[in-house]
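Engineer: structure, please.
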Amino acid sequence: MLRAAGLRIPRQISSLRCPARTWTSVTTTKDALLVNAFGNTAFPYVWLRDSCQSSPESIHPSTKQKLHRTSDVPLDTRPTGVTEGQTISPGDHSAKGVQVVPEGIEIAWDDGHKSLFSKEFLKIHSSPSNLHASHFSEYTSPTAWTSSKITQSPNLFLSYASLNEPKSLVDAMTQLLKYGLIFVSGVPTEHKTNDTCELKTLAEKFGELRNTFYGELWDVINIANSKNIAYTDLDLGLHMDLQYFHHPPRFQALHCLRNRVIGGTSVFVDALHASQTLYHSNPSHFDILTKTPVAFQYVNDGHHLYKQHPTIQLEDPASRSENTNPSEPPAISHINYSPPFQGPLPVSTPLSFYPALKEFADILNDPKNTYSYTLKEGDCVLFDNRRVLHARTAFEEKQGPEREEGIPFGEGESKTNRWLKGCYIEADTVADRMRIGRTRGL
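Structural biologist: As a prediction, the model looks like this:
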C-alpha cells in the first residue's frame, strides 16, 4: 500500500473523512466494482487485480517493483462468490469475495489471490485529477507569467547559502518547476575550471548534469571567429538551446564569473504564457503551430545535427490531466523556438504557418512579457530551456579609466571581462528530488 511504502498522501488526497466502519458501500456489476464513496466510480475487476499493491506476490517488498505483467491477468478475472448487482456494506458477509473493512476493501479473487485496497489508494485512482495530485502536481504544474507576475513568484531570488537548508532547496526546485526561472546569488567565483568550479556543486543540488558535445560544463565568453553566436558580443535574440536534438535539455544554469562590461543584460520570456495568449487571441494560429514541423539544425564544427519539432508541442493525450474548462488551451508539453538554429522549412509548409509564427513572435517580444536582469558576479540563473526563452543584449568593453584588462581564460593569452559558465540539468531528477522533499513534509 502507499502508506506502507512510506509515501505521504498530499493533503488534497488525504482529506477523506468518513466514519471508519461506514466509509462506503460497493455494488458489483458484470465487469467492475462501483465504490459509492467516490461517486460510484467504476473500478474494473481486471484493473483491480492488476493493480494489487498489498501482496508480496504482486509487489516485491524491498524493490517495490511489480512482479507480474498486465497481460498475465485474465480478462474474465472476478472476485470469488459474488453475483452481479449485489450491494455490499460494511459488516455484510454475504459476498465472501468482497468485504468493506475500515482500512478499505478486501477482495478474494477466483484464482486464490487476496488483495487489500486502501481508501487512500482508491481515492487517488478515482479520477485523473486525484491521480495527478498524488504525484504533487500542485508543485510541478506550470504557472504562466508576464514580466510583472514573475516578480511576484515566491522564490525568484534565493541565496546560495540558503540552499544548504533542505526546505529552501525544495522551494527552489519548486520555483524552477512551476515558473521555469530562478536566480541564486552569492555563488563563489574564485574557481573557474570545470573540475573546481562552484556551478557543478550548485547544479548537482538540483539534479544530474547532462553531457552534450559542449561537455558537462562549458564557458560563454567573447571569442574571435566563434562557431556560436553566444560566444560573441553581439545581440543574441530570444531562443532555446539545442533544439536540433531529439530531446533538448530541460534545465539550463548560467553562473556569472565575471561581468565588467557595458550591456549584456539577460532577457527571459515565458513561452507558455505566449502560447496561451495566442490560443485566446487566435485559436487557428495556435492550432497550426501545434501541427507544423519546424526544422532545427547545427551543421558546423564537425557536427551534423538535425531535428524537426512543432513550435507548440502538446502533452501526449494519455498523460494529460483533466481539462475541465473548454475555454482553456490543451496542456502544453514544450515550446520549440530557436531562430538562430532554424533550418529551411519543408517546402510543403502551409502558407498559413507564416502569419501564425509572426503573431507568436510578436507576443514573445512584447515588452510586458519580457523580464530583464543583468547578472552580477556570483549570480546564477536557472531556467526551463523547454519553456522559457532567453536572450542577451549586445555588450562592449568599458572605455577610458574604467576599462579593466580582463582575466585570462583557456590556455592562450586571451582575456575576458564577461564570463559565464553553464551546464544542463536532467528534468526527471529535479522533479524526483522535489517530490521526495514534499513527501517528507518540507
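Engineer: where does the protein have low pLDDT?
Structural biologist: Applying pLDDT under 70 to the chain flags residues 1-21, 223-232, 318-324, 411-413.
Engineer: and if we set it to 50?
Structural biologist: Scanning the chain for pLDDT under 50 picks out 1-20, 224-226.
Engineer: hey, where'd the helices end up in it?
Structural biologist: Read by DSSP state H, the chain holds these helices, from start to end of the chain: 45-50, 119-124, 128-134, 137-140, 147-150, 166-179, 198-206, 271-281, 283-291, 353-364, 427-439.
Engineer: how about these in a markdown table, adding mean neighbour count?
Structural biologist: C-beta here means a position set from N, CA and C on the backbone, and glycine is covered the same way. Shown next, in a markdown table, are the helices of the chain (neighbours: other CB atoms under 10 Å):
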| stretch | mean neighbour count |
| --- | --- |
| helix 45-50 | 20 |
| helix 119-124 | 21 |
| helix 128-134 | 17 |
| helix 137-140 | 16 |
| helix 147-150 | 16 |
| helix 166-179 | 21 |
| helix 198-206 | 19 |
| helix 271-281 | 21 |
| helix 283-291 | 17 |
| helix 353-364 | 17 |
| helix 427-439 | 18 |
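Engineer: residues touching the spatially most central residue of the chain, list them.
Structural biologist: By CA atoms, centre = their mean, the chain has its centre lying nearest to Leu177, at 5.5 Å. Contact analysis of Leu177 by CB atoms under 8 Å, 6 or more residues apart in numbering lists 139-140, 142, 430-431, 434.
Engineer: for Gly85, same thing?
Structural biologist: With the criterion set at CB under 8 Å, 6+ apart, Gly85 makes contact with 27-29.
Engineer: and His273, by the same measure?
Structural biologist: His273 makes contacts with 144-146, 369, as judged by CB under 8 Å, 6+ apart.
Engineer: next: Ala391.
Structural biologist: Neighbour list for Ala391: 235-239, 266-269 [criterion: CB under 8 Å, 6+ apart].
Engineer: look at the nearest residue to it once chain neighbours are set aside and say how many residues are nearby.
Structural biologist: Nearest non-adjacent residue to Ala391, counting by CB to CB, 6 or more residues apart in numbering: Val267, 4.1 Å away. By other CB atoms under 10 Å, 19 other residues sit near Val267.
Engineer: correct me if wrong: Val267 contacts Leu236.
Structural biologist: No: with contacts counted by CB atoms under 8 Å, Val267 stays clear of Leu236, the gap being 9.1 Å.
Engineer: what do these two both touch?
Structural biologist: Counting by CB under 8 Å, 6+ apart, the common neighbours of Val267 and Leu236 are 391-392.
Engineer: how does the protein divide into domains?
Structural biologist: What automatic domain parsing lists as the domains of the chain is 26-134, 140-442.
Engineer: contact partners of stretch 159-168?
Structural biologist: Taking contacts as CB under 8 Å, 6+ apart, the residues outside stretch 159-168 that touch it are 158, 169, 172, 184-188, 198, 202, 205, 380, 437, 442.
Engineer: that stretch: which residues count as buried?
Structural biologist: Residues of stretch 159-168 classed as buried by neighbour count (16 or more other CB atoms under 10 Å): 160, 162-163, 168.
Engineer: what's the answer for stretch 98-105, then?
Structural biologist: Judged by neighbour count using 16+ other CB under 10 Å, the buried positions of stretch 98-105 are 98-100, 103-105.
Engineer: residues in contact with Ala394?
Structural biologist: Residues near Ala394 by CB under 8 Å, 6+ apart: 233-235, 263-264.
Engineer: looking at these, which has the most residues close by?
Structural biologist: Gly264 (22 neighbours).
Engineer: please tell me I have it right and that residue contacts Leu420.
Structural biologist: No: in this structure Gly264 lies outside contact range of Leu420 using CB under 8 Å: 9.3 Å.
Engineer: contact partners for Ala274?
Structural biologist: Applying CB under 8 Å, 6+ apart, we find Ala274 in contact with 335, 360, 363-364, 369.
Engineer: apologies, that question was intended for Arg78.
Structural biologist: In this structure, Arg78 makes contact with 45, 97, 109-110, judged by CB under 8 Å, 6+ apart.
Engineer: before we move on, back to that, neighbour-wise, which of the contacts of Ala391 leads?
Structural biologist: Highest neighbour count within the contacts of Ala391: Val269, with 27 neighbours (other CB under 10 Å).
Engineer: brilliant, that's me finished.
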